[in-house]
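Student: got a predicted structure here, sequence first:
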Amino acid sequence: MQPEFVDDGDVIVIDSKSVRPEGVEPDLAQSTSSEFANNSNVAKARIWKYDVLLNSTGRGTTGRAAHYDLDCPAIADNHVTIIRPDPSVCLPTYLSLFLNSPPGLAQSDMFQTGSSGQLEIYPQHIQQFLIFLPKRKTGKVDLAWQEALTAKVEYGRRAGIEAREKLEAAKRLIEAAVLIKP
């Protein structure tokens, strides 16, 4: 669905640039109206919290995934596919991690099609993706393992952000100290 953009809209539009392996980073200037987003013809483009978003077109961005964890209403543009995994089988956070992993990206590469320079992954191909789901000895899917893995990745992401912030603060302190001469 290609959205109607409006200034100061109250529904953000998620495009392929917004779907990042670290999470969804929308351009808040790209928005549409509630009237447009609530139209029955647009229902398939509505994004709900914890949907997994997959870049389905583009060169270099096809296959990139993120789960939507923002609280604001959103719709996907025509370059983003919405995936709603059954959370009793596959956690959305885990699915987005898997899709961004080498096995997930390899499948995105394998199913890409297109001859006009614009690569695309079609929904029927996404349905064929094989997702590794860890299982317990009982044979049931191990959701605790998925949760533990996503918690470790999130901890690492937060630690990286914090480290970059501390590095920038240290640089500012050094610059200020060098500029101050006794």
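Tutor: Nice, thanks for sending it over.
Student: contacts, neighbours, all on C-alpha from now
Tutor: Will do.
Student: so Leu119 touches Thr61, yeah?
Tutor: No. Taking contacts as C-alpha atoms under 8 Å, Leu119 lies outside contact range of Thr61: 9.5 Å.
Student: scan the chain for its longest helix.
Tutor: What stands out as the longest helix in the chain, according to DSSP state H, is helix 143-179.
Student: what is that helix packed up against?
Tutor: Judged by 3 or more C-alpha pairs under 8 Å, 6 or more residues apart in numbering; DSSP states H and E, the packing partners of helix 143-179 are helix 92-100.
Student: pLDDT averaged over the helix it packs on - what is it?
Tutor: Regarding helix 92-100, the rounded mean pLDDT is 95.
Student: now that helix - C-alpha only, CSV.
Tutor: Extracted as CSV, the C-alpha positions of helix 92-100 are listed here (Å, rounded to 0.1, in the frame of the first residue of the first chain):
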residue,chain,number,x,y,z
PRO,A,92,8.5,-11.6,17.2
THR,A,93,11.8,-10.4,18.7
TYR,A,94,13.4,-13.7,18.0
LEU,A,95,12.0,-13.9,14.4
SER,A,96,13.4,-10.5,13.6
LEU,A,97,16.8,-11.6,15.0
PHE,A,98,16.7,-14.8,13.0
LEU,A,99,15.7,-13.0,9.8
ASN,A,100,18.7,-10.6,10.2
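Student: that one: what's the following helix or strand?
Tutor: helix 102-111 (DSSP states H and E).
Student: CA atoms only: put that following helix into CSV for me.
Tutor: Extracted in CSV, the C-alpha atoms of helix 102-111 (Å, rounded to 0.1, in the frame of the first residue of the first chain):
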residue,chain,number,x,y,z
PRO,A,102,23.2,-15.2,8.1
PRO,A,103,20.7,-18.0,7.6
GLY,A,104,17.8,-15.6,7.4
LEU,A,105,19.5,-13.2,5.1
ALA,A,106,20.6,-16.1,2.9
GLN,A,107,17.0,-17.1,2.4
SER,A,108,16.1,-13.4,1.5
ASP,A,109,18.9,-13.5,-1.1
MET,A,110,17.7,-16.9,-2.4
PHE,A,111,14.1,-15.8,-2.9
